[in-house]
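J.: Sequence below, structure please.
(chains A and B)
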Protein chains: 2
Amino acid sequence: MTPQAPTPAYRRLSVEERRVQLLDAALALFAHRPPEEVSLDDVAEQAGVSRPLVYRYFPGGKQQLYEAALSSAADELRLCFDEPRKGPLLARLSRALDRYLTFVDEHDTGFSALLRGGSVVETSQTSGIVDGVRRAAADHIMRHLDVAEPGPRLRMTVRMWITAVEAASLIWLDEDKQPPFDELRDWLVEQFLAVLTVTARRDPQSAALVETLAADL
Amino acid sequence: MTPQAPTPAYRRLSVEERRVQLLDAALALFAHRPPEEVSLDDVAEQAGVSRPLVYRYFPGGKQQLYEAALSSAADELRLCFDEPRKGPLLARLSRALDRYLTFVDEHDTGFSALLRGGSVVETSQTSGIVDGVRRAAADHIMRHLDVAEPGPRLRMTVRMWITAVEAASLIWLDEDKQPPFDELRDWLVEQFLAVLTVTARRDPQSAALVETLAADL
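T.: I've put the predicted structure just below:
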């Protein structure tokens, strides 16, 4: 084996590396505890750094830390829907949902607190971040469907389905993750096709998509 | 014509009547303006009463007024789903949705501000009120479906659909109330049947309901 350069235990991190390290620690804590129960001191302990350091990075306190952690979680969630544009469409949707539900599974309490709102650290800023993820998911779906100008009925169908998926995730966490992960994922994909089929009765654009999707099955 | 007893212009209202009068005035204002733009003074003007009187009824100020108006709106919303248990099930659902969408139509800005959250007067208290309406809607649906013990799959399906209806209402308001009212109502009823049909593939309880619903068609 080639000897590796020794890594000093207290190597000086760049500002960005340090920020990422602290956000990772915060996300790990937010994953299983509601935001109001996570203090900057907890983050310091989790990251194994001094308290003043955490305060230096987040002078705005808990609220600033929470918003930063939320943005970082939102970036991760957005990545879930970033699927290569090849292969059958419903299989792509299934893979994206698989990643999304994995995130939900791994960040249960934090995910729930974030989406339910009503938390003490909930603000129009945090609602905006959540809305951004929803919009990104809708945009990804439209791109995969290869629709440049979705009409109001198709847009509404996709946005309703995204909201329903979100509701399903929260209910799933409430119900001790029942039904099982794979069943939930497949069920949500089938619901997408079902609601799009209903829309297709009154919307030619959706009807064309249903034909494309059915050809894949 | 029989002469009527003269109504004094400033007849003394009972405490409860006065409260209802003030809440009606507040709801009328919240209907088309976000809560943070409605002051107690506006309510006094709308109700045609003195400012001190409004302050006497809502000593907790704007927040108290908003929560009281919200509870009153929630009661109205709950009534939308209170449908006699006779006739075909989907026709009952259609009538309930008709009343719900009429409420959305008449209280557009207020409804939107309420459900979107992120308002300055949004609290866990107000989120709780909104959740109560959702739960009441789900309970009504279960009663109509004549299901005493809904399993997790049926429960999740109904709750997802309720969330999707809510999302549709908000999108509908954003999209200048397109598609037309009647089309939106019928579309939502068809979606209910469609998602329940998907659930029926893996849930005998839902399968039995789909058979009952289909027999009505």
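J.: right, and A:Lys62 touches A:Asp41 too?
T.: No: using CB atoms under 8 Å, A:Lys62 is not in contact with A:Asp41, being 10.4 Å away. Any C-beta I mention is one placed from the backbone N, CA and C, and that applies to glycine too.
J.: more neighbours, those two?
T.: A:Lys62 (17 against 11; other CB atoms under 10 Å in any protein chain shown).
J.: which ones are touching that one?
T.: By CB atoms under 8 Å, 6 or more residues apart in numbering or on different chains, the contact set of A:Lys62 is A:35, A:38-40, A:121.
J.: Rebuild these as TSV, extending it with secondary structure and pLDDT.
T.: As requested, the contacts of A:Lys62 are exported to TSV (DSSP: H, G, I helix; E, B strand; the rest coil; pLDDT from 0 to 100):
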residue	secondary structure	pLDDT
A:Pro35	helix	78
A:Val38	coil	88
A:Ser39	coil	90
A:Leu40	helix	92
A:Val121	coil	52
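J.: Chain B: which of those is nearest?
T.: Distance ranking of those against chain B, using CB to the nearest CB, places A:Val121 first at 11.7 Å.
J.: Low-confidence stretches in chain A?
T.: The model of chain A has pLDDT under 70 over residues A:1-11, A:114, A:116-126.
J.: for the residue nearest to the spatial centre of chain A, what are its contacts?
T.: Among the residues of chain A, the one closest to the centroid is A:Leu77, at 2.6 Å (CA atoms, centre = their mean). When contacts are counted by CB under 8 Å, 6+ apart, A:Leu77 touches A:100, A:103, A:133.
J.: give me that answer again for 6 Å
T.: Residues near A:Leu77 by CB atoms under 6 Å, 6 or more residues apart in numbering or on different chains: A:Val133.
J.: Can you pull the residues of chain A lying near chain B?
T.: For chain A, the residues in contact with chain B (CB under 6 Å from any CB of the partner chain) are A:117-118, A:124, A:127, A:152, A:156, A:159-160, A:163-164, A:167-168, A:171, A:175, A:178, A:190-191, A:194-195, A:198.
J.: Kindly recompute the last result at 7 Å.
T.: Chain A has residues A:117-118, A:124, A:127, A:152-153, A:156, A:159-160, A:163-164, A:167-168, A:171, A:175, A:178-179, A:183, A:187, A:190-191, A:194-195, A:197-198, A:202 near chain B, with proximity defined as CB under 7 Å from any CB of the partner chain.
J.: Can you give the contact residues for stretch A:96-116?
T.: Residues from elsewhere that reach stretch A:96-116 (CB atoms under 7 Å, 6 or more residues apart in numbering or on different chains): A:30-35, A:70, A:73, A:76-77, A:80-81, A:83, A:119, A:130, A:166, A:169-170, A:173, A:181, A:184-185, A:188-189.
J.: are any of these buried, and which?
T.: A:30-31, A:34-35, A:70, A:73, A:77, A:80-81, A:83, A:119, A:130, A:166, A:169-170, A:173, A:184-185, A:188-189 (16 or more other CB atoms under 10 Å in any protein chain shown).
J.: ok, A:Arg56 - how many residues close by?
T.: So A:Arg56, with other CB under 10 Å, has 10 neighbours.
J.: What segments of chain A are helices?
T.: Under the criterion DSSP state H, chain A contains helices at A:15-32, A:40-47, A:51-57, A:62-80, A:89-106, A:108-116, A:124-145, A:152-174, A:181-200, A:204-216.
J.: Would you mind extracting the C-alpha trace of the fourth one into PDB?
T.: Pointing back at helix A:62-80 there. Extracted C-alpha coordinates of helix A:62-80, given in PDB (Å, rounded to 0.1, in the frame of the first residue of the first chain):
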ATOM      1  CA  LYS A  62     -31.000  29.500  15.800                       C
ATOM      2  CA  GLN A  63     -33.200  31.000  13.100                       C
ATOM      3  CA  GLN A  64     -30.200  31.600  10.800                       C
ATOM      4  CA  LEU A  65     -28.900  28.100  11.400                       C
ATOM      5  CA  TYR A  66     -32.300  26.600  10.700                       C
ATOM      6  CA  GLU A  67     -32.800  28.500   7.500                       C
ATOM      7  CA  ALA A  68     -29.400  27.500   6.300                       C
ATOM      8  CA  ALA A  69     -30.000  23.900   7.200                       C
ATOM      9  CA  LEU A  70     -33.300  24.100   5.500                       C
ATOM     10  CA  SER A  71     -31.800  25.500   2.300                       C
ATOM     11  CA  SER A  72     -29.200  22.700   2.300                       C
ATOM     12  CA  ALA A  73     -32.000  20.100   2.800                       C
ATOM     13  CA  ALA A  74     -33.900  21.700   0.000                       C
ATOM     14  CA  ASP A  75     -30.900  21.400  -2.300                       C
ATOM     15  CA  GLU A  76     -30.700  17.700  -1.500                       C
ATOM     16  CA  LEU A  77     -34.500  17.300  -2.100                       C
ATOM     17  CA  ARG A  78     -34.200  19.000  -5.500                       C
ATOM     18  CA  LEU A  79     -31.400  16.600  -6.500                       C
ATOM     19  CA  CYS A  80     -33.900  13.700  -5.900                       C
END
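J.: Next one: A:Ala25 from A:Gly110, what distance?
T.: Distance of A:Ala25 to A:Gly110, computed by CB to CB, to the nearest Å: 13 Å.
J.: Please disregard the earlier target; I meant A:His32.
T.: Counting by CB to CB - A:His32 and A:Gly110 are separated by 7 Å.
J.: Can I get the helices of chain A in TSV including distance to B:Ala137?
T.: Formatted as TSV, these follow (distance: least, CB to CB, whole Å):
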stretch	distance to B:Ala137
helix A:15-32	31
helix A:40-47	39
helix A:51-57	44
helix A:62-80	28
helix A:89-106	24
helix A:108-116	18
helix A:124-145	22
helix A:152-174	13
helix A:181-200	19
helix A:204-216	27
